[in-house]
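# What follows is a predicted structure for the sequence shown.
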Amino acid sequence: FDNIQMAISPTDPDIVDVTIETGAAVNANNIDVAAFDAAATGTITVTGTGSTLTQAGASELVVGSNLGTGSGTIDIESGGTLTTGTGTTTIHATGRVNVGIVGDGTFNANGPVVVDGGRLNAFTSSEDPDRFNLAAGQTVTASGSTGRVSIVGPYNLTRGTTFEFNTGAEFSVGLLDVGTSNGDGTLILDGAGTELVVEVVTAIGNDGGTGNVMVRNQANASFDSLFVADTTAASTVGNLSVETGGTANTHGVSIATQGGDASGTLTIDGASSTLTQTGASTLEIGSASGTGTATINVQKSGVVSPGA
C-alpha cells in the first residue's frame, strides 16, 4: 500500500477492523487509524507468527485523535510484529497500542514515539524484554494526564534512548534498567502529576553503561529497591537527581557498593525536593575496595529521610 487511512469519518460511527494473520505481510507508508477527530472506531490487529505490518522510509503512524468520539487501536499479538518507519509515531488521547497482551508481540519503533494523552501498553519477559524495541538514539515523549506508558515486566532503557514524561503523564514498569552494557539511557520526569512507578528493582547505571534519571518540578518517582551504579563492571556511571520540588520514594538504596570503578551519585536539590525511604529500609553508600565513588548531595533545602 501507499498511505493507509482508516476510520476517518467525522460523523458516522463506523467500525473498521483490519487483521493481518497467519504469516501475512503488509507494507505501507503513512498509516492513520481514527486520527481525524473522528466518530469512527478503527482497529489493526497483527497476530500470528510471521505476521508483519511494516512501514517504509520516514513514514509516520498516527493512532487516535484528541477530540474525536471514536477510538484507534493497534494490537500486536501472538508472534505478530509492527515495524514503523523513521517518522514519528503519535498516540493521541483516543489511541491505544497494545503489545503482547495476547501471546507475544513485537513493536519495533524506528522513529520517535509521542504519547499525546494516549496509551502504550506492552507485556515483556526476562527472556524477551525488548518487545517494545525503540531504535538506538530515539525518544519516547509522553504528556497529559491521560498519557500512559505501561510495561508489564522488565524493560531496558538503553542504546542512547531517552524517555521523557511531563504534564501529568505516567510510566509504570515491572523492572527498570537505565543504562546497560548495550548503551546509555536517560529518563526524565517533569511536572506536577507526572509519575513513575517501578514494581520491583530499578538499576540506574549497570554493566558498564551510564544511566541518568531526573525527577523535577513536582514530579514523583516510586521505586521498590534502588541500585545506582551498583556493579563491578568497569566504567559504569549512575546518576539520580531529584530537584525543584520533585519527590522520590523507595525502600532500600545501594550506591556503588560492589567495588570496581563504578561511580554513583544521588542529588537532592531544592526546597521540597525529597528522597524518602519507607519502612525498615537500608541505605548503603560505597564499598571497602575499588576506585569508584559513591556520593549523596543534599543541597538548597533538599531532604533525605532514611528508613526507620
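It's in. Numbering: from 1, shown residues only.
# ok, so what distance separates G103 from R96?
17 Å (CB to CB, to the nearest Å). C-beta here means a position set from N, CA and C on the backbone, and glycine is covered the same way.
# So between those two, which is more surrounded?
R96 (19 against 14; other CB atoms under 10 Å).
# What's opposite the more buried one in the beta bridge?
On the basis of DSSP bridges, R96 is bridged to T73, R119.
# wait, it sits on T73?
Yes: in this structure, R96 is within contact of T73 by CB atoms under 8 Å, at 4.6 Å.
# Now the common contact residues for those two.
V63 (CB atoms under 8 Å, 6 or more residues apart in numbering).
# Now do the strands in the stretch 201-308 of the chain.
201-204, 210-216, 220-222, 225-228, 237-243, 247-250, 253-255, 263-269, 274-277, 283-285, 293-299, 303-305 (DSSP state E, counting those that start in this stretch).
# Of all those, which one comes closest to P112?
Among those, strand 210-216 comes nearest to P112, with 18.6 Å by CB to CB.
# Strand partners (parallel or antiparallel) of the closest one?
Strand 210-216 has these strand partners (DSSP bridges): strand 185-190 (parallel), strand 237-243 (parallel).
# a markdown table for those strands, including mean neighbour count?
Putting the strands paired with strand 210-216 into a markdown table (neighbours: other CB atoms under 10 Å) gives the following:
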| stretch | mean neighbour count |
| --- | --- |
| strand 185-190 | 22 |
| strand 237-243 | 24 |
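# Next, format those strands as CSV and append mean pLDDT.
Shown next, in CSV, are the strands paired with strand 210-216 (pLDDT from 0 to 100):
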stretch, mean pLDDT
strand 185-190, 98
strand 237-243, 98
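# Those strands into JSON lines, with extra columns for distance to F223?
Converted to JSON lines, those look like this (distance: least, CB to CB, whole Å):
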{"stretch": "strand 185-190", "distance to F223": "12"}
{"stretch": "strand 237-243", "distance to F223": "9"}
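# Give me the three-state assignment for the residue nearest to G183 when sequence neighbours are not counted.
Once flanking residues are discounted, G183 sits nearest to R159: 4.1 Å by CB to CB, 6 or more residues apart in numbering. For R159, the assignment made with DSSP: H, G, I helix; E, B strand; the rest coil gives coil.
# what sits against R159?
Applying CB under 8 Å, 6+ apart, the residues contacting R159 are 134-137, 182-185.
# that older thread, quick one: which of the strands paired with strand 210-216 is nearest A203?
strand 237-243 (7.8 Å).
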